[in-house]
Each structure stands twice: as C-alpha cells, then as structure tokens.
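> Please find the sequence and the predicted model below.
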Amino acid sequence: MYFEEELKVIDRWKYLRQSLFRNEEPEVRLVAVTRPVQDYEDQNVTTETLPAFTARQSHESKGTHADDLRLNRKLIEWGHDTPLQAVQFVYQVTGISKSLAGQWTRHKIGIGWTFRSTRYVKASSNTFVYPALEYIDSEDTVREVYSVYEEEHRHALEVYNKLLAKGVNNQELRRLMPVGWSTSAYVYINARALRHFFKLRLAYAAEWEIRRLAYIMFNRVMDVSPSLFEDLVKK
Ligand SMILES: Cc1cc2nc3c(=O)[nH]c(=O)nc-3n(C[C@H](O)[C@H](O)[C@H](O)COP(=O)(O)OP(=O)(O)OC[C@H]3O[C@@H](n4cnc5c(N)ncnc54)[C@H](O)[C@@H]3O)c2cc1C
C-alpha cells in the first residue's frame, strides 16, 4: 500500500462519517487493462512490458522480460513517453463528488469518462460525499460541522422530491443539488496520461478529494504495472 500515511491523514474522521445521512466513501476498481494477444504473450510480452517492447522498434532490438522492465524505467527517465500510450486502463470509480468531477474533467489528453447521468438516473437514492475536514483537530467541532452538512443534504433532497412531485424533470432538479452530491464513472486512461494525472494530483498542492482518489488509483495500478509508475513514489 502506497501513500498509506497520507490516506490516513485525509481520512482521520472517516469513522465519524459512517453513520451520516447518505454518506458514500470512494471505491475504485481496476476493470480492464490492455493485454497483448496470444502470439505476443507467447513471446513473454505482458501488459507491463508493452511500452518497452514496442519502443524497441527504433533500434529493431529484442530483450528479455527483465530487459523490457529496465527499458520501461529508462524511457520514463528520458521522457520518451509516447510508448506509454500502448497501455490503456479502465477504472470504475464510485463515491466521488460532482466537485471532484469538475476538477477531473479538466484533464483532456488521453483520458475520457462515462459518468452516471442525473438526467436519466433519479436522485432519490443518491448519496453525498462529505468533506474530510482533516485540518480540524477537535472531534466535537467536526461532529457539529458534519451535522450542518447533513441538514443541508436532507433539505436539498426534500426540495428535490417536492418539485419532482410537481412534475419537474430530473435535468432541472439536479440544479438544486450541492457539489458534494455523489457521482460515479468509468474512466478510460492510457499510462502516459495517468502518469500526468498522478504528477498533478498526488502532489500536496492538489485538493484533498482528488488527491485521495489519486492515491487509491495509484495503488490499483501498482498491482499491474509498477515499473510504469513507481518513480512517482520517490518524487
Ligand atoms: C493544484 C491544482 C490547482 C488548480 N487550480 C485551478 C484553478 O484554480 N482554476 C482552474 O481553472 N483550473 C485549475 N487547475 C486545473 C489545471 O489548470 C489544468 O486544467 C488541469 O490540471 C489539467 O492539466 P493539463 O492541462 O496539464 O492536463 P491535460 O488536459 O490532460 O493535458 C496534458 C498535457 O497536454 C498538453 N496540452 C493539453 N492541452 C493543450 C493545449 N491546448 N495547448 C498546448 N498543450 C496542451 C500540456 O502539456 C498538458 O500538460 C488546477 C490544477 C491543479 C493540479
């Protein structure tokens, strides 16, 4: 597990959120990754070594699996990033806020999403992502703040349901909801773009929720292709 301490800091009040009104915590699943077809798997090419294997075109060279892992690291060191586009990841992410979605979708290159549509999906069963409030030390204060958020969330849903009963459409009703309203998405991203996302969003300068997401996404991908991302831990 990477960034364990950082995650612990952000989620220091997670236990207080468990029983809050319609609280949802983030979950991240790695759904799919690019995999070489059988002929290339038979030559020991794996998801992880695809960048180096394809980059060898420039010298028409061949290497062992271990050579290709080493070459991956070299490509990254040299900034020879294009071969990283050989590997595509698909994640499913739930329990993130609309606020996070607004920041995330500013990333444009090598990344795309399918988000839950609040035009088609009713809000009646929807949840909220409460703030972490990790910078507040007093548990009593945090409890008080969370109860104000709860109040606002209950109120927003009450108004939502009131207008729903009058026949107002979902696409107008969603305007009533706070940016802490939860959403979920499948995200499609190649290894090059994922590294760029990590560089910006694992950094302390990044906002806490997208940083928390980046930590979790990072851990998932390190299970599959560590040589493509491990240098970012040191940085
Ligand atoms: C800590 C932090 C704070 C931020 N605060 C704000 C804020 O207050 N307000 C705000 O509006 N946004 C803010 N952003 C968003 C930021 O400005 C970027 O839009 C976002 O991080 C996406 O980065 P990107 O453009 O590098 O990524 P991508 O869109 O994925 O682009 C990847 C790379 O492709 C290249 N590229 C992409 N588009 C172009 C282009 N049109 N021309 C030339 N090269 C291009 C660049 O090299 C870029 O780095 C913030 C981001 C961070 C990390």
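Nice, thanks for sending it over.

> Touching the strand or helix carrying Asp39 from outside, list them.
Per DSSP states H and E, Asp39 falls inside helix 38-41. Outside of helix 38-41, the residues within contact range by C-beta atoms under 8 Å, 6 or more residues apart in numbering are 35, 53. (C-beta placed from N, C-alpha, C; glycine too.)

> Could you identify the helix or strand that succeeds the lengthiest helix in the chain?
The residue-count maximum for a helix in the chain (DSSP state H) belongs to helix 139-165. Counting by DSSP H and E, the next helix or strand C-terminal to helix 139-165 is helix 170-173.

> pLDDT at Leu84, what is it?
Per-residue pLDDT puts Leu84 at 98.

> Compute the number of surrounding residues for it.
Burial measure for Leu84: 25 neighbouring residues, criterion other C-beta atoms under 10 Å.

> right, and it touches Ile189 too?
No: if you go by C-beta atoms under 8 Å, Leu84 and Ile189 don't touch, sitting 11.0 Å apart.

> so what pLDDT did the residue nearest to Ala206 when sequence neighbours are not counted get?
Distances taken as C-beta to C-beta, 6 or more residues apart in numbering place Leu200 nearest to Ala206, at 6.5 Å, with adjacent residues excluded. On pLDDT, Leu200 comes in at 98.

> Which of the helices or strands spans Leu200?
Taking DSSP H and E as the definition, Leu200 sits inside helix 191-201.

> Just name whatever secondary elements that helix is in contact with.
Contact analysis of helix 191-201 by 3 or more C-beta pairs under 8 Å, 6 or more residues apart in numbering; DSSP states H and E lists strand 88-97, strand 111-115, helix 208-222, helix 231-234 as its packing neighbours.

> send the alpha carbons of the shortest one over as CSV?
When you say that, I think you mean helix 231-234. The C-alpha trace of helix 231-234 is given here as CSV (Å, rounded to 0.1, in the frame of the first residue of the first chain):
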residue,chain,number,x,y,z
ASP,A,231,9.3,6.5,-9.8
LEU,A,232,6.4,8.8,-8.8
VAL,A,233,6.5,7.5,-5.2
LYS,A,234,10.1,8.8,-4.8
